[in-house]
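Peer 1: the amino acid sequence is not available; the structure is as follows:
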Ligand code: J2J
């Protein structure tokens, strides 16, 4: 097992295995079995590239052999930062088969995030595209490699320059397959985060397969399903809810688009006869707007999943009317628990709730600030435990003691209400995070970066309401003698290599922060001040 990963106590593991929730099948074996069954059926479509199940299977084997020959071993961590391209899947399945662990980074991550992931996980390899969306990832790799001594291999899809080209790694596989056990960690997924440094989520083959299988059943995927991956493929939602892996599990076809805009996605939906896709709320709004005037035939689309942030009931109601398909709300988290509205639920449930858990094995508690269960139907903090919700983050003992209850429930930080029918409605959150249209921003992480600026005395990052993204970020800055300009601070953050979506949308300079009774920064007052256009702030200061 990977060291420093809290896991399920033996009594739970035994029960989950005995009941068949954990099937003992690895992700690599799942593909092997599907390839034997579906052979030449198309598994992945990426523009003009089409890979059959047999081809993907063969490529994964050849690449696993190549990774091994290059010196990448079982349990080694490999940062995978790829856009929506077919190679993402050969890389993942090769690593799964080798027993090496992908660390999933998003295409928008920059040197700050990647250097941290590489250092923290002691990654030996980093897989990148050459250039994507106008950004040269080789330049980023040079920067990271100069700082992280463990990082021996940079592997590039495309023009490798001084690095290794992915295509050159393919070799004839060894007869002996690698030994990987389904109870082992399969990869490290990223947490949305609410702390200074992002947390890494260890998911095992067993637990992930269980969540995928459950999701496939709920979303009714089968051999005829065509799933469009429009969101970044490494994110947990398009990866597993049921996402691309669920589609491969079901024998369907994964179709990739480089960007989720209607201009990119609509012609592909028409051409490939896409049946299901997943979006975050702001994108769903853009699709709804575009649906009124586009000229494409979207009639194949049966299900539009929306999740990652709260989708308003008002927008939700428009989906069936304007896009002609069934909306499925998805409230999930990379730590585990995923809730879905069911496809045949009454419209009122689909529009007004964020769904119910995948499994009867998902234990849900809604509690007050003292961990006491609230009266059913009341609002409270969501705690959860179950066969696919982690028991702790990777190498994070101190944080785990707070993020999990002593009996193993994960504190989601979300504030929810449970309806009489057992559906969850997300009402807010207690974690110090801004949910920028599905992109999660940990306030403390951005605050730490701003505090590194010599002209910044103190800073508090909070959310402000936004019609389109749901929330945006605002940084309240107490400057030293001379206040820097907002533009200078933004450039400073960019130069520190922070992902663009974490750079505050707005900056306000103030003299002091409103305080809570116990002398902490009163972020609630700051949030309210923005809504009331900063009047309360000046009052609070007087
Ligand atoms: C309100 N908040 C939501 C929703 C997630 C499927 C779908 C989404 C994610 C995901 C995922 C929300 N309404 N419908 O991993 O498999 C917020 C909550 C939650 C956090 C998790 C999946 N859906 N959220 O978004 O790990 O605050 O996963 O705790 O990125 O997003 O973020 P993340």
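Peer 2: All right, it came through fine. Keep in mind that this is a model prediction, so the values were computed, not measured.
Peer 1: closest approach to the ligand from the stretch 1-150 of the chain, which residue is it?
Peer 2: Distances from the stretch 1-150 of the chain to the ligand, computed as C-beta to the nearest ligand atom, single out residue 106 as the nearest residue at 9.9 Å. Every C-beta, even on glycine, is put in place using the N, C-alpha and C of the backbone.
Peer 1: how about the residues of the stretch 151-300 of the chain near the ligand?
Peer 2: Of all the residues in the stretch 151-300 of the chain, those in contact range of the ligand (C-beta under 6 Å from any ligand atom) are 192, 236-237, 240-241.
Peer 1: and residue 370, how far from the ligand?
Peer 2: Plainly put, residue 370 is 21 Å away from the ligand if you go by C-beta to the nearest ligand atom, to the nearest Å.
Peer 1: residue 198 is in contact with residue 116, correct?
Peer 2: Yes: using C-beta atoms under 8 Å, residue 116 makes contact with residue 198 at a distance of 7.0 Å.
Peer 1: more neighbours, those two?
Peer 2: Between residue 116 and residue 198, counting by other C-beta atoms under 10 Å, residue 198 is the more crowded of the two (21 against 18).
Peer 1: looking at this, the more buried one is in a strand?
Peer 2: No: secondary structure of residue 198 (DSSP: H, G, I helix; E, B strand; the rest coil): coil, not part of a strand.
Peer 1: I'd say it and residue 442 touch.
Peer 2: Yes: here residue 198 lies in contact with residue 442, judged by C-beta under 8 Å, at a distance of 7.0 Å.
Peer 1: now the residue of the stretch 301-450 of the chain found nearest the ligand, which residues is it bridged with?
Peer 2: For the stretch 301-450 of the chain, the residue closest to the ligand is residue 332, as judged by C-beta to the nearest ligand atom, at 2.6 Å. As for beta bridges, residue 332 partners with residue 338 under DSSP bridges.
Peer 1: related to what we said a few turns ago, most surrounded residue in the residues of the stretch 151-300 of the chain next to the ligand?
Peer 2: With neighbours taken as other C-beta under 10 Å, the top of those is residue 241, carrying 28 neighbours.
Peer 1: pretty sure that residue contacts residue 333?
Peer 2: No: distance between residue 241 and residue 333: 10.1 Å, which falls outside the contact criterion (C-beta under 8 Å).
Peer 1: not counting its neighbours along the chain, what's nearest the spatially most central residue of the chain?
Peer 2: Relative to the mean C-alpha position of the chain, the nearest C-alpha, by C-alpha atoms, centre = their mean, is the one of residue 235, at 3.3 Å. With C-beta to C-beta, 6 or more residues apart in numbering as the measure, residue 106 is the residue that lies nearest to residue 235, at 6.8 Å, once sequence neighbours are left out.
Peer 1: could you tell me how many residues sit around that neighbour?
Peer 2: A count of neighbours around residue 106, defined by other C-beta under 10 Å, yields 16.
Peer 1: surely it is in contact with residue 236?
Peer 2: No: at 11.0 Å, residue 106 and residue 236 do not qualify as touching, with contact defined as C-beta under 8 Å.
Peer 1: report pLDDT for residue 534.
Peer 2: Residue-level confidence at residue 534 comes out at 64, pLDDT.
Peer 1: hmm, back to that, show me what contacts the residue nearest to residue 235?
Peer 2: Shown in contact with residue 106 (C-beta atoms under 8 Å, 6 or more residues apart in numbering): 81, 190, 232, 234-235, 499.
Peer 1: show the buried residues in those residues.
Peer 2: 81, 190, 232, 234-235, 499 (16 or more other C-beta atoms under 10 Å).
Peer 1: those into JSON lines, with extra columns for distance to residue 36, pLDDT and secondary structure?
Peer 2: Putting these into JSON lines (distance: C-beta to C-beta, whole Å; pLDDT from 0 to 100; DSSP: H, G, I helix; E, B strand; the rest coil) gives the following:
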{"residue": "81", "distance to residue 36": "31", "pLDDT": "98", "secondary structure": "coil"}
{"residue": "190", "distance to residue 36": "33", "pLDDT": "95", "secondary structure": "strand"}
{"residue": "232", "distance to residue 36": "30", "pLDDT": "98", "secondary structure": "coil"}
{"residue": "234", "distance to residue 36": "27", "pLDDT": "98", "secondary structure": "coil"}
{"residue": "235", "distance to residue 36": "29", "pLDDT": "98", "secondary structure": "coil"}
{"residue": "499", "distance to residue 36": "40", "pLDDT": "97", "secondary structure": "coil"}
